[in-house]
Every structure is written in structure tokens, then in C-alpha cells.
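> One predicted model, sequence on top.
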Amino acid sequence: MRIIGNLLWWLFGGLEAAIGYFTGSLALACTIIGIPFAIQTFKIGLLCLWPFGSTVRETNSPTGCIRILLNLLWLIFGGLWAYLMHLFFGFLLCITIIGIPWGKQHFKMAGLSLAPFGKDVELGI
């Protein structure tokens with residue numbers, strides 16, 4: 001069932017969203033300051049490629065206040081818009097019964113898009 005869900009996800013926009021995140025990741029990686037943010041956008045892009053069966057979990061890294069600062073910078077410089085986009089499409093898909101599984105995947109991506117530092121994605125491949 002995960003394979004069918006992921007194939008339908010790719011067919012109806014998931015592949016384009018992942019390519020957008022990967023392109024943004026390459027652009028951010030061009031500067032030294034943008035490399036940590038590039039890693040996070042790449043992480044979200046991977047989740048966009050294979051959302052069904054993947055899980056987002058907290059990491060046990062002792063970064064503390066650095067993680068909070070990076071998440072705050074992320075939120076100010078684009079993370080809020082990514083969060084709102086995934087939230088909007090999640091609600092839009094949940095209007096119909098058929099779209100609920102895809103809406104739940106958008107909500108999963110919204111949570112990661114809001115504060116990606118300190119979270120890890122386990123792909124269910």
C-alpha cells in the first residue's frame with residue numbers, strides 16, 4: 001500500500017515538490033552560511049520523495065541553544081512559508097475522504113518544515 005501511495009504522490013505533485021526542495025538545497029549550498037540550511041531542505045526533499053512509510057523523529061544531539069537559533073533563522077527566512085504551504089494543502093486534501101492519507105503526509109511535512117533542526121527522517125524504503 002505504501003508503494004501505491006508513494007507512486008500516486010509522485011504522480012500528483014510530490015516529485016515536483018521534491019525537485020523544488022532539491023533545487024533550493026543546491027542554491028543554499030553555494031554559500032558556507034547556507035550549508036546547514038541546505039542539509040535541512042534536502043531532508044525535506046527526501047521526505048517529499050517517499051512520504052508514505054517514512055517517519056520524522058527527534059534526534060538526541062546535544063546542540064541545545066544552537067538548534068533553537070537555527071530553527072528561528074529557518075522560520076524567519078522561509079520556513080514559515082513552507083509550513084503554511086504544507087498546512088494549506090493538507091487541509092485542502094482532507095476535505096475529501098479520498099485525500100485524507102495525502103493530507104496527513106502534508107501535515108507530517110508541515111511539522112518538519114516548521115523546525116527541521118533537531119529532527120531526523122527515517123525513510124521507509
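The structure has been received and is ready for your questions. Residues are numbered from 1 along each chain as shown.

> Let's check: the centremost residue of the chain is which one?
residue 44 (3.1 Å; CA atoms, centre = their mean).

> what sits against it?
Counting by CB atoms under 8 Å, 6 or more residues apart in numbering, residue 44 makes contact with 21, 82, 109, 112, 113, 116. Bear in mind the C-beta positions are built from the backbone N, C-alpha and C, glycine included.

> rerun at 10 Å
17-18, 20-22, 24-25, 56, 79, 82, 86, 109, 112-113, 116, 119, 121 (CB atoms under 10 Å, 6 or more residues apart in numbering).

> Which ones among the residues you listed map onto helices?
Using DSSP state H, the subset of the contacts of residue 44 located in helices is 17, 18, 20, 21, 22, 24, 25, 82, 86, 109, 112, 113.

> The closest residue in space to the fourth one that isn't next to it in sequence is in what secondary structure piece?
Closest residue in space to residue 21, ignoring its immediate chain neighbours: residue 45 at 3.3 Å, by CB to CB, 6 or more residues apart in numbering. Here residue 45, judged by DSSP states H and E, is contained in helix 35-49.

> ditto for residue 97
Assigned by DSSP H and E, residue 97 falls outside every helix and strand.

> State the pLDDT value of it.
With respect to pLDDT, residue 97 scores 92.

> And for residue 2?
85.

> picking that back up, drop anything exposed from the ones in helices among the contacts of residue 44.
If you count burial by 16 or more other CB atoms under 10 Å, the buried members of those come out as 17, 18, 21, 22, 24, 25, 82, 86, 109, 112, 113.

> so which of those residues comes closest to residue 36?
For these, the minimum distance to residue 36 (CB to CB) is 11.2 Å, reached by residue 25.
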